[in-house]
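Have a look at this prediction, sequence included:
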Amino acid sequence: MLVLPDEAATLALGAALAAVSPEGGLAVHLTGDLGAGKTTLVRGWLRELGHSGAVKSPTYTLVESYQVAGRRVHHFDLYRLTDPEELEYLGLDGYFDGTALCLVEWPERGGGMLGSPDLSIRLTVAGEGREARLQGLSEAGRAWIAALANRLEMND
C-alpha cells in the first residue's frame with residue numbers, strides 16, 4: 001500500500017508509473033469510489049508521457065485517446081455504463097489491440113468484457129489523502145510493480 005497525502009502525491013504516482021511502464025499493449029484497471037483520485041492519477045501519467053493539454057474524465061464519451069511519447073494511450077471511464085454489452089458498440093478490439101496502453105476507470109462496470117488487466121490499482125480516500133493498492137496480474141504487471149518499487153526507493 002502506498003500513502004498519498006495529497007493531490008501532488010497522486011500525480012507523482014501516475015508520473016512514476018508512466019516512467020517505468022513496460023513497452024507494448026497493457027491494460028490497467030483503476031478502481032475506487034467517486035473522488036478517490038483515479039483521473040488525477042491518469043493526469044499525472046499522461047503529463048509524464050508529454051501530454052500538455054487538459055485531461056478530464058471521459059465520463060460521457062467513455063474513452064479519450066492520446067498519442068504521446070510514441071505511444072497510443074486510451075483512457076476509459078465506464079461509470080455511466082448501464083450494461084456491459086454497451087462496450088460492444090465501442091469496438092473494444094480496436095483499443096485493446098496489444099499495442100496501446102489502456103487505462104480503465106470503473107472496470108467493474110464492464111463485466112467480463114474487458115478481460116484481466118496487467119495492473120490493478122485501487123485508490124481509497126484516507127483522511128485528507130488517498131491510499132493506493134497496486135497488484136500485478138500478469139508477468140508484465142509484476143515487473144512493472146518491481147520497477148516502480150525500485151524507482152520509489154531511489155527517490156526516498
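Yep, it's here.

can we go C-alpha only for contacts and neighbour counts from here?
OK.

Return the residues in contact with the most centrally placed residue in the chain.
Among the residues of the chain, the one closest to the centroid is Leu103, at 3.8 Å (Cα atoms, centre = their mean). Contacts for Leu103 (Cα atoms under 8 Å, 6 or more residues apart in numbering) come out as 27-30, 42, 73-76.

Can you give me the neighbour number for Glu88?
10 (other Cα atoms under 10 Å).

again, but for Pro58
Neighbour tally, Pro58, other Cα under 10 Å: 18.

Can you tell me, leaving aside adjacent residues, what's nearest to it?
Closest residue to Pro58 apart from its sequence neighbours, by Cα to Cα, 6 or more residues apart in numbering: Asp77 at 5.4 Å.

what's the spacing between that neighbour and Glu153?
Look at Asp77 and Glu153: by Cα to Cα, to the nearest Å, they are 31 Å apart.

Leu30 now?
23 Å.

And the two? Which one has more around it.
A count of neighbours by other Cα under 10 Å puts Leu30 above the other of Leu30 and Glu153, at 26 against 9.

quick one: secondary structure of that one?
Here Leu30 is recorded as strand under DSSP: H, G, I helix; E, B strand; the rest coil.

Report the beta-bridge partners for it.
Glu105, Ile121 (DSSP bridges).

wait, it sits on Lys38?
Yes - with contacts counted by Cα atoms under 8 Å, Leu30 reaches Lys38, the gap being 6.3 Å.

Quick check: neighbours shared by the two?
105, 123.

so is Gly115 in a helix, a strand, or just coil?
coil.

Can you give me the distance of it to Leu30?
14 Å.
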